[in-house]
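Engineer: What would the 3D arrangement of this be:
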Amino acid sequence: MAILIDDKTRTLIQGITGREGQARARLMIEYGTDVVAGCTPGKGGVEVLGVPVFDTVREAWEAAGPIDLSAIFVPAPLVREAALEAIDAGVRTLVLVPDRVPIYDVLEIAAAARANGARFLGPNTLGMLSPGKAVAGMIGGRASSAREWFKPGPVGVASRSGGITSAISYYLNQAGIGQTSIVHVGGDAVVGLPHPDVALEYEADPETKAIVIFGEIGGTQEERLADLMSGGRVTKPVVAFVGGKAAKEGTRFSHAGAIVEGGRGTHAGKVAALKQAGARVVENFGDIPAVTKEVLAGLGL
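Structural biologist: From the prediction side, this is the model:
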C-alpha cells in the first residue's frame with residue numbers, strides 16, 4: 001500500500017497555468033498521478049497538458065467529480081486563499097508546496113483543516129511520492145528519474161529536509177531497500193503533518209514494516225514521535241538521524257523550523273528521547289541503509 005497518495009487518488013493542481021505549476025504537472029502526470037483538473041482564477045476553459053482548467057475549485061469538483069487531493073503551486077501570499085477554497089469545496093488532503101507562507105496564514109489553514117476533517121502537508125515541502133504509484137509535488141524532478149531512483153518496498157520515509165528526503169530514499173534503493181511512501185513534512189516552524197502524524201500513517205499501513213526519519217534541531221517533532229513510540233501507538237521499528245549536532249542556542253540550521261531556543265529542541269535531547277523510546281539512532285547519515293537492512297533482517301525481511 002501507500003500513505004497519503006496512490007494511483008487512485010484523484011488530484012487537482014491549483015496554479016497549474018503558472019511556470020512552476022506546469023512543470024510539476026508534467027512530472028505528476030507522466031509519473032502516473034491521476035490529475036483530473038487544474039485551477040487558476042481567470043484561466044477557466046483552457047487546458048494544460050490535456051488537463052482541463054477551471055476558475056474555482058468548486059467548479060473543478062462539479063465538472064470532474066470528487067477530488068481527493070490538491071497540490072498547491074501559487075505564490076506564498078495566495079496559499080491561504082487557495083487552501084481555504086479547496087477545503088471549503090470538500091478536498092481533504094492538501095500539499096502546500098511554497099515556502100515563506102506567513103505563519104498566521106498557516107495557523108488559519110490548520111484551524112480550517114481541523115474543523116473540516118482535512119489535512120495538509122507543508123508548507124515549504126517537496127511533497128510526497130509513493131513509488132510506482134503517484135507523486136504530488138516535485139520529488140524526483142522528472143518522471144524518468146523518479147522511476148529510476150525510487151522503487152516500491154517495505155520502508156516508509158519521512159524527512160524535515162527536502163534534499164535529504166530524496167537522498168535517503170535514493171541511498172536506500174541503492175542498497176536494495178524500496179519504500180511504501182516518501183514524505184517531506186516541510187521545513188517551516190509550523191507544518192500540517194509533522195513526523196508524529198506521518199509515523200501514525202505508516203503505523204496504520206500494513207505494507208510499511210519500518211520507518212526511516214530525518215530529524216533536525218528545533219521544535220518537538222522528534223520528541224513527540226518518541227512519546228508515541230513509548231506509549232505503544234507507533235510499534236514499528238524506527239531508524240532515525242538527527243541533523244544539527246554542532247548547532248548552539250540561537251543557531252538556525254538550514255530551515256525556518258530548525259532553531260534551538262533556550263535548550264528546547266536540542267540535538268542531544270532529541271537523540272536521547274528517540275533512543276529511550278527504542279529507535280535506532282545513527283550518528284552518521286551514511287549508516288542509514290546498513291542499519292535499516294539490519295532492522296528489516298530482524299523482522300525476517
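Engineer: C-alpha only now, for contacts and for neighbours.
Structural biologist: Fine.
Engineer: Next, find the distance separating residue 120 from residue 183.
Structural biologist: 12 Å (C-alpha to C-alpha, to the nearest Å).
Engineer: Between these two, point out the one with more neighbours.
Structural biologist: residue 183 (31 against 25; other C-alpha atoms under 10 Å).
Engineer: host element of that one?
Structural biologist: Assessed by DSSP states H and E, residue 183 sits inside strand 179-184.
Engineer: Give the next helix or strand downstream of that strand.
Structural biologist: Downstream of strand 179-184, the first helix or strand assigned by DSSP H and E is helix 195-204.
Engineer: And that following helix, how far out from the chain middle?
Structural biologist: When C-alpha coordinates are averaged (C-alpha atoms, centre = their mean, to the nearest Å), helix 195-204 and its chain have centres 11 Å apart.
Engineer: Which parts of the stretch 101-250 of the chain are helices?
Structural biologist: Using DSSP state H, counting those that start in this stretch, the helices assigned to the stretch 101-250 of the chain run over residues 103-116, 143-149, 162-174, 195-204, 221-230.
Engineer: Residue 288: which of those helices is closest?
Structural biologist: helix 162-174 (7.7 Å; C-alpha to C-alpha).
Engineer: Specify the angle between that closest one and strand 179-184 in degrees.
Structural biologist: Orientation of helix 162-174 against strand 179-184 (axes from the mean of the first three to the mean of the last three C-alpha atoms, to 10 degrees) gives an angle of 160 degrees.
Engineer: Can you give the domain ranges for the chain?
Structural biologist: Per automatic domain parsing, the structural domains of the chain span 10-121, 150-298.
Engineer: where among these is the average confidence lowest?
Structural biologist: Lowest mean pLDDT within these: domain 150-298, at a mean of 90.
Engineer: For the closest residue to residue 1 other than its chain neighbours, list the residues it contacts.
Structural biologist: Spatial nearest neighbour of residue 1, excluding adjacent residues (C-alpha to C-alpha, 6 or more residues apart in numbering): residue 207 at 5.7 Å. Applying C-alpha atoms under 8 Å, 6 or more residues apart in numbering, we find residue 207 in contact with 1-2, 154, 180.
Engineer: who wins for neighbours among the residues you listed?
Structural biologist: For the contacts of residue 207, neighbours tallied by other C-alpha under 10 Å; top is residue 180, 29 neighbours.
Engineer: Would you confirm that it contacts residue 6?
Structural biologist: No - with contact defined as C-alpha atoms under 8 Å, residue 180 does not count as touching residue 6 (10.0 Å).
Engineer: who touches both of the two?
Structural biologist: Taking C-alpha under 8 Å, 6+ apart as the criterion, residue 180 and residue 6 both touch residue 130.
Engineer: about what we covered before: mind putting the helices of the stretch 101-250 of the chain into JSON lines with mean neighbour count and distance to residue 124?
Structural biologist: Listed next are the helices of the stretch 101-250 of the chain as JSON lines, based on neighbours: other C-alpha atoms under 10 Å; distance: least, C-alpha to C-alpha, whole Å:
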{"stretch": "helix 103-116", "mean neighbour count": "16", "distance to residue 124": "11"}
{"stretch": "helix 143-149", "mean neighbour count": "16", "distance to residue 124": "20"}
{"stretch": "helix 162-174", "mean neighbour count": "19", "distance to residue 124": "9"}
{"stretch": "helix 195-204", "mean neighbour count": "21", "distance to residue 124": "15"}
{"stretch": "helix 221-230", "mean neighbour count": "21", "distance to residue 124": "16"}
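Engineer: any idea where the strands of the stretch 1-150 of the chain begin and end?
Structural biologist: 10-14, 34-39, 47-48, 51-54, 69-72, 93-96, 119-121, 127-130, 134-137 (DSSP state E, counting those that start in this stretch).
Engineer: do the stretch 201-301 of the chain as well
Structural biologist: 210-216, 238-243, 280-281.
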